[in-house]
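Enquirer: Structural data only, the sequence is not supplied:
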């Protein structure tokens, strides 16, 4: 098995209309039936690592149908994107693109046309970049790193490093609260 085939595959479910915290938690609990590696991205998304689930659902198409069906059963409409890195899947889904990026080799090419707004950076950073003529993820990735960090901050550079896989991302796992019912005698 090659290293690429053993790579992670993350699914991002982005909910266009931000749900209540309870609905987002409910979606995360439901996602645990697809993967033990579920992560909340408040206020509007759930991420889950799904490489191990592909075979159970007959591949990407079957898994996509099952995930979107689970959302629909909760009364939620989601944009679903898949990528080998969680931040990449999230950015694609938040951009409204149902991308399937199967390998890291495809990553930058698929993310390049996405709008800067999908990065969820502070509005003043986005506006300054737009004034420079930078409107897409690909354009911002092509900027010189040192100058970018100086002008826009190390937090934004760190975000780009996680997005592109230059720096690994550690995600907090969703842990559903225990709900106990007390039986009346």
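Expert: Cool, the structure landed. On a predicted model such as this, the values are computed, not experimentally measured, just so you know.
Enquirer: Run through the helices of this structure in chain order.
Expert: Listed from the start of the chain, the chain has helices (DSSP state H) covering 21-31, 60-73, 86-94, 104-111, 123-131, 137-141, 145-152, 154-164.
Enquirer: Adding mean neighbour count, distance to residue 80 and mean pLDDT as columns, could you present those helices in CSV?
Expert: In this view, the C-beta of every residue, glycine as well, is placed from N, C-alpha and C. Formatted as CSV, the helices of the chain follow (neighbours: other Cβ atoms under 10 Å; distance: least, Cβ to Cβ, whole Å; pLDDT from 0 to 100):
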stretch, mean neighbour count, distance to residue 80, mean pLDDT
helix 21-31, 18, 11, 92
helix 60-73, 15, 6, 96
helix 86-94, 26, 7, 97
helix 104-111, 17, 15, 94
helix 123-131, 13, 25, 96
helix 137-141, 19, 19, 97
helix 145-152, 14, 30, 94
helix 154-164, 17, 18, 95
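Enquirer: Quick check: which of those is nearest to residue 14?
Expert: In terms of Cβ to Cβ, the element of these nearest to residue 14 is helix 86-94, at 3.6 Å.
Enquirer: ok, back up a step: out of the helices of the chain, nearest to residue 52?
Expert: Closest to residue 52 of those is helix 60-73 (Cβ to Cβ; 10.7 Å).
Enquirer: Run the chain-centre distance for the closest one.
Expert: Offset of helix 60-73 from its chain centre (Cα atoms, centre = their mean, to the nearest Å): 16 Å.
Enquirer: Pull the contacting residues for the nearest residue to residue 14 once chain neighbours are set aside.
Expert: Take residue 14 and drop its neighbours on the chain: the residue closest to it by Cβ to Cβ, 6 or more residues apart in numbering is residue 93, 3.6 Å away. Applying Cβ atoms under 8 Å, 6 or more residues apart in numbering to residue 93 gives the contacts 12-14, 45, 78-81.
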